[in-house]
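In: Dropping a prediction and its sequence here:
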Amino acid sequence: NDAMRMVDEPLISHKSYRTSLLPLQRQARESASTVYEEIPPPPPPPPSPPPSHTLSKLGSSSSRKDEDSQQPGCHIEEHAEYWGDLVKWGTNHLKDSAEDCCNACRNHKPEKPDGDKCNTWVWCPEAGGCSGQPHKSCWLKYQPHPEAPAVNRGPNMPWTSGALYKDPTKQPVPPGKNRRFHVAVTSNDSKYVQWQMRVMYYWYKKRKAEQGPDGDMGGFTRILHSGREDHLMHEIPTVVVDRLQNEHGFVVLSRPNAFVQWLKQVTIEEDYVLMSEPDHLYLRPIPNLMNGDKPAAFPFFYISPKDHVNLIRKYVGQDTSIRDIHHMDPIGSSPVMLHKDDLARVAPMWHDMAVRMKTDPEADRAWGWVLEMWAYTCAAWLTGVHHDLVPKLQAQPPWDTSLEGFYILHYTYGNDYTRSGKFTPGKIGEWRFDKRSYMGRIPAKNLELPPKGAPESVRTLIQMINEASSVLPNWESGGKES
């Protein structure tokens, strides 16, 4: 398997992972639909384990140097080999330390005026060498998105790597600058989405209370795109908008249309917006993660523009270079943090492009249930709204096992384990939690905790749902008063 293989020397270019990602892409596409479906489809099959480069672990085993606002930090990670296009061969390029290799990357000057400048690097710390390369060899590379690097990592990986980028959490906030953001979540009025919304809003309120008076979390709006009020209006701040008249059998098309209507109807006091979803649980108070006014977003491995060059050109222009397409943001529409003016620029094109893609058989076949995410990516590119990638913005159990450094827990995937705590991907577990098991009913209070041996992320997920269900009134009836 090309995506999982170990190589004898540092990888020079970013390979294709299409075959190995198909099972996980399939569930990602199907799970995207179920957030909004009113007539639920059958639960999708559990995904295969993703390749190591897709796991959002950057920083979990790394040592980080303090960085100032003038230059990007090194972001050193041990037991990791970052991939990328080679800009300097490392066999005879020896550096005494990882920091020296990082500085060599920072000071690198391309041989050609239009050449790539180093932004990722790989260094060998082992006295006996690494994968046939000498001790202290320093390989300089380039990746389109160094903040979310393609990587092989693991305890047996001999290399140390790093990437040059500015960590948004380390950047100074201008004095007196109001950085508060408004949380906006689109939803319909199905029972399946309603119970998730109640749990999500519970944790939003709790984290906002924890942040104190100077925190960045501001107001909250559920954008209800059913065209009618529901019984949660008194519990969750809600704006009702119309459902898209013709969804072409794809209810997710109502999401961008809902944002277009909301922006026309409502004026919020905050300058920034966090587009979130019902299956997001906030793990801690969330700061504004933007560098200045540049948007911040979570990268999705299955949004890979380089794999769809010709199709993307249909939507962003036939003259768009392959290099520009490689640099498109590999994101969806959530979680995304951006200025409300940028959202107002993107939303109409996002809506129009989503409808256009859905009625294009080629795009519909290629992008399926994540088509709306691709529409946002293309619309943002065309409107000049570019994002910093923040892999730690959300954890996705069971693939992310530790929650260290994460802000949001996104429970879109099924979690399956034996009674002894062994993970069983691709097989229904003796213990399992999958939100799709609760499409037509409300989860019981006090759900069974995962067995000993299951990861922190899965245990925390169940604990957070249990806490909310124990506190929220009329839980069994979905919030309806008897």
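Out: Happy to help now that I have it. Numbers count the residues shown, from 1 in each chain.

In: Next up, the contacts around R228.
Out: 189, 240 (C-beta atoms under 8 Å, 6 or more residues apart in numbering). Where you see a C-beta, it was placed from the backbone N, CA and C, and this is true even at glycine.

In: any idea how far it is from Y417?
Out: 40 Å (C-beta to C-beta, to the nearest Å).

In: now do T460
Out: 15 Å.

In: More neighbours: which of these two?
Out: Remark: of T460 and Y417, Y417 carries more neighbours, 22 against 17, as counted by other C-beta atoms under 10 Å.

In: Hmm, that one is touching W431, no?
Out: Yes. Between Y417 and W431 a contact is recorded at 4.9 Å, counting by C-beta atoms under 8 Å.

In: Tell me which residues touch S97, please.
Out: W123.

In: Next: T424.
Out: Contacts of T424 by C-beta under 8 Å, 6+ apart are 416-418.

In: Ends of stretch 145-157, what's the gap?
Out: For stretch 145-157, the first-to-last residue distance is 22 Å (C-alpha to C-alpha, to the nearest Å).

In: Sort out which residues of that stretch are buried, please.
Out: Neighbour-count burial for stretch 145-157, with 16 or more other C-beta atoms under 10 Å as criterion, is recorded at 145-153, 157.

In: How about stretch 375-387?
Out: By 16+ other C-beta under 10 Å, the buried positions in stretch 375-387 come out as 375-382, 385, 387.

In: Stretch 432-450 too?
Out: 432-436, 438-439, 442-443, 450.

In: cool, and stretch 89-96?
Out: 90, 95.

In: Now do that stretch: distance to the chain's middle.
Out: For stretch 89-96, the distance from its own C-alpha centre to the chain's C-alpha centre is 34 Å (C-alpha atoms, centre = their mean, to the nearest Å).

In: what does stretch 345-361 give?
Out: 21 Å.

In: Can you tell me what sits against that stretch?
Out: With contact meaning C-beta under 8 Å, 6+ apart, stretch 345-361 is reached by 248, 250, 253, 256-257, 259-260, 263, 314-315, 333, 338, 363-364, 367, 371-372, 374-376, 378-380, 382-383, 385.

In: Repeat that for stretch 378-392.
Out: The contact list for stretch 378-392, computed with C-beta under 8 Å, 6+ apart, reads 56, 58-59, 145, 147-148, 165-166, 168, 289-291, 294-299, 312, 315-316, 328-331, 336, 338, 342, 345-346, 349-350, 353, 405-407.

In: hmm, 6 Å instead?
Out: Defining contact as C-beta atoms under 6 Å, 6 or more residues apart in numbering, one finds that stretch 378-392 is touched by 56, 58, 145, 147-148, 289, 291, 294-297, 299, 315-316, 328-329, 331, 342, 345-346, 349-350, 353, 405-406.

In: In strands only, show me these.
Out: Judged by DSSP state E, the contacts of stretch 378-392 include 296-297, 299, 331 as members of strands.

In: Kindly give a single ChimeraX line that selects the buried subset of those.
Out: In ChimeraX syntax, the buried subset of the ones in strands among the contacts of stretch 378-392 is picked out as below (16+ other C-beta under 10 Å):
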select :296,297,299,331
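
In: May I see the buried residues of the helix or strand in which Y202 is found?
Out: Using DSSP states H and E, Y202 sits in helix 191-211. Within helix 191-211, the residues scored as buried using 16+ other C-beta under 10 Å are 192-204, 207-208.

In: Report the mean confidence score over the next helix or strand after that helix.
Out: Later in the chain than helix 191-211, the nearest helix or strand by DSSP H and E is strand 217-224. Summarised as a single mean, pLDDT over strand 217-224 is 98.

In: I'd like to know which elements strand 217-224 is packed against.
Out: Under the contact definition 3 or more C-beta pairs under 6 Å, 6 or more residues apart in numbering; DSSP states H and E, strand 217-224 sits against strand 181-187, helix 191-211, strand 238-240.

In: can you put these in CSV and add mean pLDDT and distance to N107?
Out: Listed next are these as CSV, based on pLDDT from 0 to 100; distance: least, C-beta to C-beta, whole Å:
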stretch, mean pLDDT, distance to N107
strand 181-187, 98, 36
helix 191-211, 97, 40
strand 238-240, 98, 51
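
In: Quick one: closest of these to C102.
Out: Across the helices and strands packed on strand 217-224, C102 has its closest neighbour in strand 181-187 (32.2 Å, C-beta to C-beta).

In: got the angle between that closest one and helix 191-211?
Out: Using axes from the mean of the first three to the mean of the last three C-alpha atoms, to 10 degrees, the direction of strand 181-187 lies 170 degrees away from that of helix 191-211.

In: Okay, now the unreliable bits of the stretch 51-200 of the chain?
Out: Confidence mapping of the stretch 51-200 of the chain against pLDDT under 70 gives the ranges 51-70, 168-177.

In: make it 50
Out: Scanning the stretch 51-200 of the chain for pLDDT under 50 picks out 51-69.

In: just the strands in it please.
Out: With strands called from DSSP state E, counting those that start in this stretch, the stretch 51-200 of the chain shows them at 62-63, 76-78, 80-82, 85-88, 120-123, 138-142, 151-153, 160-163, 181-187.

In: most tightly surrounded among those strands?
Out: Ranked by mean neighbour count, those are led by strand 120-123 with a mean of 30 (mean count of other C-beta atoms under 10 Å).

In: what's in contact with it?
Out: So strand 120-123 is contacted by 10, 81-82, 84, 98, 101, 105, 138-141, 143, 146, 149, 159-163 (C-beta under 6 Å, 6+ apart).

In: change it to 7 Å
Out: 10, 81-82, 84, 95, 98, 101-102, 105, 138-143, 146, 149, 159-163 (C-beta atoms under 7 Å, 6 or more residues apart in numbering).

In: Within the sheet, what are the partner strands of it, with directions?
Out: strand 138-142 (antiparallel), strand 160-163 (antiparallel) (DSSP bridges).

In: Can you tell me the SS state at the residue lying closest to Q194 once chain neighbours are set aside?
Out: Nearest in space to Q194, with sequence neighbours left out and distances taken as C-beta to C-beta, 6 or more residues apart in numbering, is G478 at 5.6 Å. Three-state assignment for G478 (DSSP: H, G, I helix; E, B strand; the rest coil): coil.

In: OK, contacts around G478?
Out: 191, 194-195, 442.

In: thinking again about what came up before, which of the buried residues of stretch 145-157 sits closest to P473?
Out: Nearest to P473 among the buried residues of stretch 145-157, with distances taken as C-beta to C-beta, is A148, at 40.6 Å.

In: roughly how far apart are that closest one and I331?
Out: 10 Å.

In: separation between A148 and V346?
Out: 20 Å.

In: isn't T412 right up against D279?
Out: Yes. Assessed by C-beta atoms under 7 Å, T412 is found in contact with D279 at 5.9 Å.

In: Please enumerate the helices of this structure.
Out: Counting by DSSP state H, the chain has helices at residues 18-34, 98-106, 191-211, 254-265, 309-316, 322-326, 340-358, 361-367, 371-382, 456-471.
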